[in-house]
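Colleague: here's a sequence, model it:
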Amino acid sequence: MKRLIFTILGVLIYCGLSAQEIPQKISYQGKLLENGIPVTGPKNITFTIDSWSETKTVSVNDGLYSVTLGETTPIPISIFNNSTSVSLQITVAGTTLSPQTDILAVAYAYKAEKAVDTKEIDGNPVSGNPSIDDVLKWSGSQWTPQPDDTSPTGSASGDLSDNYPNPTVDKIQNNPVSSNTPTDEQILKWDGTEWLPDNDGLTLPYAGLYSGSATTFQIENGTSATSNNVLYVNNMSTTGRVAYFQIASNNSSDVLQIENQGTGRGCFIDNDASLSSYGLEINSWSNTNEGLHIDMDGSAGAAEFLSDNSTYTLYSYNGGSGVAAEFDGDIEVTGTINKGAVGFKIDHPINPENKFLHHSCIESPDMMNVYNGNIVLDNNGEAIVKLPEWFSVLNKDYRYQLTCIGGFAPVYISEKMVNNKFKISGGTSGMEISWQITGIRQDPYANQNRIQVEVEKPENERGYYLHYKEYNQPIEKSIRAVKHPEVLEKLNK
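Modeller: Residues are numbered from 1 along each chain as shown. The predicted structure is shown next:
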């Protein structure tokens, strides 16, 4: 028979706190040598603990193996009741290896299952069935469940009055407590003489009325405060406003006044909800004052509108006889203006007190600039018209017109525009010539933003009109109603 040498690497027992939780298994690792050489391959090994035994086909690799005992036949807890020792015996191929392996303290944790049936405490007997709130008391010979009678009895004292076990709190640290009956969610507040039931700040829903002369509601953020918001209001509901401000009809004061003495914005509206309609909407039914009035005395702009979207930054509509917008002062536009018509309106030069004078502006499908003037021909019946040095850089595709004043002569352009000048010939000495020249803009902005003379309407605007009245159409056929259905809704109310 070959001699087998067995080396134990370690034994680990998994056990819980009660009999019901114990897995009744042991994790075991070992090393198997045959004639001093580590074994590799499957081996039939029988493991025995007291009356329990289990044979397993174990995979051994370079002498090392690991098994879980009790997987096939659970290890009975009772075998660990032995108060002396319990050993593991290993048999390989009919040969019992020695010495046996003692199962030490960790494995004896199986004894924890006895905790569910404790009969003694430190050798002293325990008996009896407990009731709710009972405690264990020593009777002199055993521990027995009994009522907890350690609560105080008799008359209360100090901040308490009446009798135990249900005294009344009359004071808190010798300060009297009111006898008023509190309502739900109230707290105790000190009024200077006693503790009174009162609301905790603004208990919602809250409504209050104040008729005094002081500020009704005031919040101040201290100079050392680091919070971002002095007042934060958030409506997480799917309906209702965040805030509503109203002032009496006979009150001439402002409904809302915002005063900014800092370096940031006076008012910032961030409308980033994808389904929201307006960041700010103002409805004014006044016959005398503006719905929005901005008064600016500083050096910055009175209003600034910024947008990165593909529609519009500012939309103004007037469905009545007035104007959609009125600007008293200069207007600067860096982009392109698209309009139905354009003209000027001034006080009538002859009757400025009683009339206006209107003129329409010249229209062209091109970005055309027009230049004109009068010039007197020299002794040779010629003249050179000089234009600013930027003329040829700004313009291209020139067109010329010449008109004789006070007579007739076959004047013509003898030299085209070169180096910002052109030459007139064919006249008589001293003749006055009225000239006009036009050019098409060729600056970078014009080159990249040419006017598209004919443009197909977008799909959603086809069948609708910019000027529906002029085509004898109802307002429902207006492109305005397509882009801004809310305008149509208000007009129909």
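
Colleague: alpha carbons only for contacts and neighbour counts from here, please
Modeller: Fine.

Colleague: all strands of the stretch 301-450 of the chain, in order?
Modeller: Here the stretch 301-450 of the chain has its strands, by DSSP state E, counting those that start in this stretch, at 343-347, 356-360, 368-376, 383-386, 395-405, 412-418, 421-425, 432-441.

Colleague: out of those strands, flag the one nearest Asp198.
Modeller: Checking these against Asp198 by CA to CA gives strand 343-347 as the closest, at 67.7 Å.

Colleague: could you say what helices and strands that closest one packs with?
Modeller: Packing partners of strand 343-347 (3 or more CA pairs under 8 Å, 6 or more residues apart in numbering; DSSP states H and E): strand 356-360.

Colleague: mean confidence for the strand it packs on?
Modeller: For strand 356-360, mean pLDDT rounds to 88.

Colleague: paired strands for that strand, with orientation please.
Modeller: Applying DSSP bridges, strand 356-360 is found paired with strand 343-347 (antiparallel).

Colleague: what does the partner strand contact?
Modeller: With CA atoms under 8 Å, 6 or more residues apart in numbering as the test, strand 343-347 has contacts from 353, 355-361.

Colleague: how does it look with 7 Å?
Modeller: Contact with strand 343-347 is made by 355-361, as judged by CA atoms under 7 Å, 6 or more residues apart in numbering.

Colleague: give the rounded mean pLDDT of that strand.
Modeller: 86.

Colleague: for that strand, C-alpha coordinates in CSV please.
Modeller: Output of strand 343-347 as CSV, limited to C-alpha atoms (Å, rounded to 0.1, in the frame of the first residue of the first chain):
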residue,chain,number,x,y,z
GLY,A,343,-41.2,105.4,-45.2
PHE,A,344,-40.6,108.5,-43.2
LYS,A,345,-43.0,110.7,-41.2
ILE,A,346,-42.1,114.2,-40.2
ASP,A,347,-43.8,117.5,-39.3
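
Colleague: list the buried residues of that strand.
Modeller: Across strand 343-347, burial judged by 16 or more other CA atoms under 10 Å covers no residue at all.

Colleague: quick check: domain ranges of this structure?
Modeller: Segmentation of the chain into domains, based on automatic domain parsing, reads 4-117, 368-448, 456-493.

Colleague: looking at those domains, which is closest to Glu304?
Modeller: domain 456-493 (22.3 Å).

Colleague: what about that closest one, distance to the chain center?
Modeller: How far domain 456-493 lies from its chain's middle: 36 Å, per CA atoms, centre = their mean, to the nearest Å.

Colleague: may I see the buried residues of it?
Modeller: Neighbour-count burial for domain 456-493 flags 461, 464-465, 468, 475, 477-482, 488 (criterion: 16+ other CA under 10 Å).

Colleague: circling back: please produce TSV containing the strands of the stretch 301-450 of the chain, extended by distance to Ser85.
Modeller: Shown next, in TSV, are the strands of the stretch 301-450 of the chain (distance: least, CA to CA, whole Å):
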stretch	distance to Ser85
strand 343-347	114
strand 356-360	117
strand 368-376	113
strand 383-386	124
strand 395-405	112
strand 412-418	120
strand 421-425	123
strand 432-441	109
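
Colleague: right, so of those, which gets closest to Asp134?
Modeller: Of all the strands of the stretch 301-450 of the chain, strand 343-347 sits nearest to Asp134, with 99.5 Å by CA to CA.

Colleague: which helix or which strand is home to the closest residue to Leu69 other than its chain neighbours?
Modeller: Spatially, and ignoring its direct neighbours in sequence, Leu69 is nearest to Ile26 (5.0 Å; CA to CA, 6 or more residues apart in numbering). Assigned by DSSP states H and E, Ile26 falls within strand 25-34.

Colleague: following that strand, which helix or strand shows up next?
Modeller: Next in sequence after strand 25-34, counting helices and strands by DSSP H and E, comes strand 37-38.

Colleague: helices or strands next to that following strand in the packing?
Modeller: For strand 37-38, there is no helix or strand it packs on, judged by 3 or more CA pairs under 7 Å, 6 or more residues apart in numbering; DSSP states H and E.

Colleague: can you give the distance of the following helix or strand past that strand from its chain's centre?
Modeller: Going down the chain from strand 37-38, the next helix or strand is strand 41-49, by DSSP H and E. Computed by CA atoms, centre = their mean, the chain-centroid distance of strand 41-49 equals 65 Å.

Colleague: and if you look at stretch 67-74?
Modeller: Its chain's C-alpha centre and that of stretch 67-74 lie 57 Å apart, by CA atoms, centre = their mean.

Colleague: gap between the residue nearest to Leu69 and Leu97?
Modeller: From Ile26 across to Leu97, the span is 19 Å (CA to CA, to the nearest Å).

Colleague: try Thr168
Modeller: Distance from Thr168 to Leu97, by CA to CA: 78 Å.

Colleague: what of Asn180?
Modeller: Distance, Asn180 to Leu97, by CA to CA: 86 Å.

Colleague: higher neighbour count, these two?
Modeller: When neighbours are counted by other CA atoms under 10 Å, Leu97 comes out ahead of the other of Asn180 and Leu97, with 16 against 9.

Colleague: any idea of the mean pLDDT in stretch 439-452?
Modeller: Stretch 439-452 comes out at a mean pLDDT of 93.

Colleague: who touches it?
Modeller: 366-370, 394-399.

Colleague: how about 6 Å then?
Modeller: 367-369, 394-398 (CA atoms under 6 Å, 6 or more residues apart in numbering).

Colleague: dump these to CSV, plus distance to Thr238, pLDDT and neighbour count.
Modeller: Output for the contacts of stretch 439-452, formatted as CSV (distance: CA to CA, whole Å; pLDDT from 0 to 100; neighbours: other CA atoms under 10 Å):
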residue, distance to Thr238, pLDDT, neighbour count
Met367, 51, 92, 16
Met368, 54, 95, 17
Asn369, 56, 94, 15
Leu394, 56, 95, 15
Asn395, 58, 96, 17
Lys396, 60, 96, 17
Asp397, 61, 96, 10
Tyr398, 63, 97, 15
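
Colleague: about what we covered before: ok, the buried residues of domain 456-493 vs Asn129, which is closest?
Modeller: Asn129 lies nearest to Leu488 out of these, by CA to CA, at 82.3 Å.
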